[in-house]
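Visitor: The sequence isn't on hand, but the structure is:
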């Protein structure tokens, strides 16, 4: 296990370098230089902010030197200061918004697992039945549903028509302080219910489909036939023998779904006015706040990398073939 | 055999029908649309669905049905061009990686790994923020951020195909690498690429609509399903039809492409036949 982990960590280094290189290239895509054309004409950017950016990127030096100097700062999580009037360090702005985004993404991941795995098992064990076919159509529809549209429909139904749930923010603006601890938790839950549902929806379709085919593959294996031949009850065959092996590839898919979830947070945080990373990113894009955009790009992809690492570790822990071989 | 198998898959045929219908509707938009999609009628603002306006009118009195029909053109255009770019890049890099192997392969595949680390939506937003948001820019950007799957696919096909006898035969006759890659191996690898392209169109249309919804994709007054939904959000409490119908259009279109793509994949893959 130790050797596997070490190798896995070492593999991350070239990926991290690549990520920073591409991010660096993206900021230099701007016509002229990062502080050039667009910043000149951008009324939202002060002269001081532009000068700060020039100094930050060492724009008087050759490109490779610029990159190395920039990388040194990025390693210490220094992305410079925001263009916005507050001019705060980018890292500070992102970190204070990270927890809420993580909370929503982790909750929706848990929700995806809780719903998708049973659906997958159900469909695989009753392949071709009416239930399987109905759920398959449902999964296809879920796959094709634009999440922001689903968010609009849910807001319309639960927020406007029925008035059951709040449609924006993460907590009540009035009277929140007076609530008991339990009341506060309930208030948060009511606010976050729709965003979590919406962000889970897309992944739900994908994962249950995946779980189904993974389960179908496993129950065709010889050891399942052997277990049945020994006269084990079907429930035991499925849940004790098949499930464990069918779950393995799901771990990988879960890791791969991290970038989608993080990217999706831009959409639902904007719609539901949730003060998370996604909303910050959207505002920064609209205001052309380059330092924040860059920081976001790097941190978002590093989070993805960490997600994949976690998935690989979980995989190695669950599957001895990986950890030994 | 392939067609018989495909025809038996009712969902896939339904997807194909949706795709063909949408193509026709988009091509014939000027003749089918009941109204001019950008005609502003201040006397008929936010009219609910009725006989004159089957799907109602928006906040400027424009006919929603006509705008959905014209918006379909935009969505399909973005889908096709973006996927065209993605398939071109993915096929080229995948073919080179799979054919030459060695360090070339290693380099290209690491690049693919790196690109897959970026939350695609973040990368797209960052680039769109640096360039101006326009329909051309988003097509290019979606294309540039979605070629990795095709590259992996083509590489895998090339890895298995390049060892086959027909490739050896071509090489023994003195065919150049270029000729072997493009006229001998590639045609045999096109099936899965075609499936990936069909599925990619659905995904590209979803991305475009999300970008347009956020106001950084297709810019008004050009109608697109995404930017129509922005108006839907602004009038969410008074005009459900502005939110409901453009979204349904996206859903049906993407569903059509996905069903068609999955059906073609199953029909192409003999292992899945039972």
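Guide: Cool, the structure landed. Predicted model only: the values in this text are computed from it and were never measured.
Visitor: quick one: residue A:272 from chain B, how far?
Guide: Computed as C-beta to the nearest C-beta, to the nearest Å, the residue A:272 to chain B distance reads 11 Å. In short, each C-beta sits where N, CA and C put it, glycine included.
Visitor: what number of residues lie near that residue?
Guide: 25 (other C-beta atoms under 10 Å in any protein chain shown).
Visitor: Tell me if I'm right that it and residue A:151 touch.
Guide: Yes: judged on C-beta atoms under 8 Å, residue A:272 makes contact with residue A:151 at a distance of 7.0 Å.
Visitor: Between those two, which contacts overlap?
Guide: By C-beta atoms under 8 Å, 6 or more residues apart in numbering or on different chains, residue A:272 and residue A:151 have these common neighbours: A:194-195, A:198.
Visitor: Out of those residues, flag the one nearest to chain B.
Guide: residue A:198 (12.4 Å; C-beta to the nearest C-beta).
Visitor: Just give the nearest non-adjacent residue to residue B:166, would you?
Guide: Spatial nearest neighbour of residue B:166, chain neighbours left out: residue B:184 (6.5 Å); criterion: C-beta to C-beta, 6 or more residues apart in numbering or on different chains.
Visitor: isn't that neighbour right up against residue B:164?
Guide: No: judged on C-beta under 8 Å, residue B:184 makes no contact with residue B:164 at a distance of 9.5 Å.
Visitor: Give me the more crowded residue out of the two.
Guide: Each of residue B:184 and residue B:164 has its neighbours counted (other C-beta under 10 Å); residue B:184 has more, 18 against 12.
Visitor: Which pLDDT value goes with that one?
Guide: As predicted, residue B:184 sits at a pLDDT of 89.
Visitor: and the longest helix along chain B, does that touch chain A?
Guide: Counting by DSSP state H, the longest helix found in chain B is helix B:64-100. No: using C-beta under 8 Å from any C-beta of the partner chain, we find that helix B:64-100 stays clear of chain A, coming within 11.2 Å at best.
Visitor: Mind checking which of the shared contacts of residue A:272 and residue A:151 are in helices?
Guide: Per DSSP H, those map to helices at A:194-195, A:198.
Visitor: Turn the residues you listed into TSV, columns for pLDDT and distance to chain B.
Guide: Formatted as TSV, these follow (pLDDT from 0 to 100; distance: C-beta to the nearest C-beta, whole Å):
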residue	pLDDT	distance to chain B
A:194	87	13
A:195	88	15
A:198	86	12
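Visitor: where's residue A:277 relative to chain B, distance?
Guide: Taking C-beta to the nearest C-beta, one finds residue A:277 at 10 Å from chain B.
Visitor: Break down the stretch 151-300 of chain A into its helices, ranges please.
Guide: Listed in chain order, the helices of the stretch 151-300 of chain A (DSSP state H, counting those that start in this stretch) span A:181-218, A:222-229, A:234-236, A:243-256, A:258-271, A:277-287, A:290-318.
Visitor: now the ones you listed as a markdown table including distance to residue A:134?
Guide: Shown next, in a markdown table, are the helices of the stretch 151-300 of chain A (distance: least, C-beta to C-beta, whole Å):
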| stretch | distance to residue A:134 |
| --- | --- |
| helix A:181-218 | 12 |
| helix A:222-229 | 26 |
| helix A:234-236 | 22 |
| helix A:243-256 | 21 |
| helix A:258-271 | 25 |
| helix A:277-287 | 33 |
| helix A:290-318 | 31 |
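Visitor: And stretch B:223-240, end to end?
Guide: From its first residue to its last, stretch B:223-240 covers 18 Å (C-alpha to C-alpha, to the nearest Å).
Visitor: what's the neighbour count on the closest residue to residue A:308 other than its chain neighbours?
Guide: Distance criterion C-beta to C-beta, 6+ apart; nearest residue to residue A:308, sequence neighbours excluded, is residue A:255 at 4.6 Å. Residue crowding around residue A:255 was assessed by other C-beta under 10 Å; the count is 21.
Visitor: got a list of what residue A:255 touches?
Guide: Here residue A:255 is in contact with A:307-308, A:310-312 (C-beta under 8 Å, 6+ apart).
Visitor: same thing with residue A:135?
Guide: Here residue A:135 is in contact with A:119, A:122-123, A:208 (criterion: C-beta under 8 Å, 6+ apart).
Visitor: measure the residue nearest to the spatial centre of chain B to residue B:135 for me?
Guide: In chain B, the C-alpha nearest the mean C-alpha coordinate belongs to residue B:201, at 1.5 Å (C-alpha atoms, centre = their mean). Residue B:201 sits 16 Å away from residue B:135, going by C-beta to C-beta, to the nearest Å.
Visitor: Equivalent analysis for residue A:234, please.
Guide: Taking C-beta to C-beta, one finds residue A:234 at 55 Å from residue B:135.
Visitor: Between those two, which is the more surrounded one?
Guide: Between residue A:234 and residue B:135, counted using other C-beta under 10 Å, residue B:135 has the larger neighbour count: 18 against 10.
Visitor: What sits closest to the more buried one if chain neighbours are left out?
Guide: Among residues not flanking residue B:135 along the chain, residue B:218 sits closest, at 5.0 Å (C-beta to C-beta, 6+ apart).
Visitor: my read is residue B:264 is in a helix, agree?
Guide: Yes: if the criterion is DSSP: H, G, I helix; E, B strand; the rest coil, then residue B:264 is within a helix.
Visitor: burial count for the closest residue to it other than its chain neighbours?
Guide: Excluding its sequence neighbours, the residue lying closest to residue B:264 (C-beta to C-beta, 6+ apart) is residue B:195, at 5.1 Å. Counted with other C-beta under 10 Å, residues neighbouring residue B:195 total 21.
Visitor: Contacts for stretch B:97-109 next, please.
Guide: In contact with stretch B:97-109 (C-beta under 8 Å, 6+ apart) are residues B:93-94, B:96, B:151-152, B:154-159, B:162, B:177, B:180-181, B:185.
Visitor: Of those residues, which is the nearest to chain A?
Guide: residue B:152 (12.4 Å).
Visitor: And the residue of chain B that's closest to chain A?
Guide: Counting by C-beta to the nearest C-beta, chain B gets nearest to chain A through residue B:121 (3.0 Å).
Visitor: if I've got this straight, that residue is in a helix?
Guide: Yes: counting by three-state DSSP, residue B:121 is found in a helix.
Visitor: Just the pLDDT at the closest residue to it other than its chain neighbours, thanks.
Guide: Leaving out its chain neighbours, the residue that sits closest to residue B:121 by C-beta to C-beta, 6+ apart is residue A:263, at 3.0 Å. We note a pLDDT of 84 for residue A:263 in this prediction.
Visitor: Thanks a lot, catch you later.
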